[in-house]
Every structure is written in structure tokens, then in C-alpha cells.
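Colleague: Mind folding the following:
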Amino acid sequence: MSAYAVAAYPNYYRKTKGKGVIYHTFPVCPNRNKIWITKCKRQDHINVKYARTCSDHFRPSDYMDDMKNRLLGLNQKKILKPDAVPSVNLPLQDNGEDISSRSERKRKRSILREA
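Modeller: Now for the predicted structure:
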């Protein structure tokens, strides 16, 4: 039985059926796995073997082009890029700030420092 991983956003299949929402399993890589768990902001333990996160928490740029199905004229699948991390519609931090906006600012600052 799968469980929804993101705190305060309890999506499930029956609720989102027919709305184009896809459920993604947690990554196998331990480092990326920890990042996903941190982004979910759950107070209880997340069993990553069964936990799922839906496509509502990813940006369109987090998905790869399904070239095979596109060239064959079939329905395209939403395939996550290997480095994709949930970054949209996430729970707020204790100070009320969206985690994704804070991490985005931090990333931009580090890029500016390198330049």
C-alpha cells in the first residue's frame, strides 16, 4: 500500500483520477532520497519504499521529453529527470516562507558568488 509523502497535501488516486496527476516513487539514490524527505516536511517517518509524491510538486522543467512516444505518435509519458526534486506546492517553513523560494534564492546567490 502506498502512502502520500508530502505533509499537508494528502493527494490520492481517486481524488486526482482523470486530472493528469502522476505519482512518483522516491529515488533510489540515498542522497537524493534525503533531499526528497526533507522537502516533504513530514513529522512522522516516511517509508520511501511505499511513499509517493505527485506531479503537483514538480515544475514542467523537471520532466524529460518522451521522444520515443512523440515520434511514434503515442501519448507522451511524464518522465522525471534524474536530478528532479519536489519544489512546488510544498509545506511552508515555521516562519511562513515557502521552502522552494528560499532554496531558489540560495541557489542564485551561490551562482553569483562563483561568477
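Colleague: And the pLDDT at residue 115?
Modeller: Per-residue confidence (pLDDT) for residue 115: 57.
Colleague: Let me see the ranges of the strands in this structure.
Modeller: 3-4, 23-25, 51-54, 63-64, 79-80 (DSSP state E).
Colleague: hey, which of those is tucked in deepest?
Modeller: strand 51-54 (a mean of 22; mean count of other CB atoms under 10 Å). Every residue, glycine included, has its C-beta placed from N, CA and C.
Colleague: Just the residues contacting that one, thanks.
Modeller: Residues from elsewhere that reach strand 51-54, judged by CB atoms under 8 Å, 6 or more residues apart in numbering: 2-6, 11, 16, 21-26, 36, 40, 86.
Colleague: let's see 10 Å
Modeller: For strand 51-54, contacts defined as CB atoms under 10 Å, 6 or more residues apart in numbering pick out 2-6, 9, 11-13, 15-16, 19, 21-26, 36-37, 39-40, 42, 45-46, 80, 85-86, 89-90.
Colleague: How about the residue nearest to the spatial centre of the chain, nearest residue that isn't a chain neighbour?
Modeller: Centroid-nearest residue in the chain, with CA atoms, centre = their mean: residue 86, separated by 2.6 Å. Distances taken as CB to CB, 6 or more residues apart in numbering place residue 57 nearest to residue 86, at 3.9 Å, with adjacent residues excluded.
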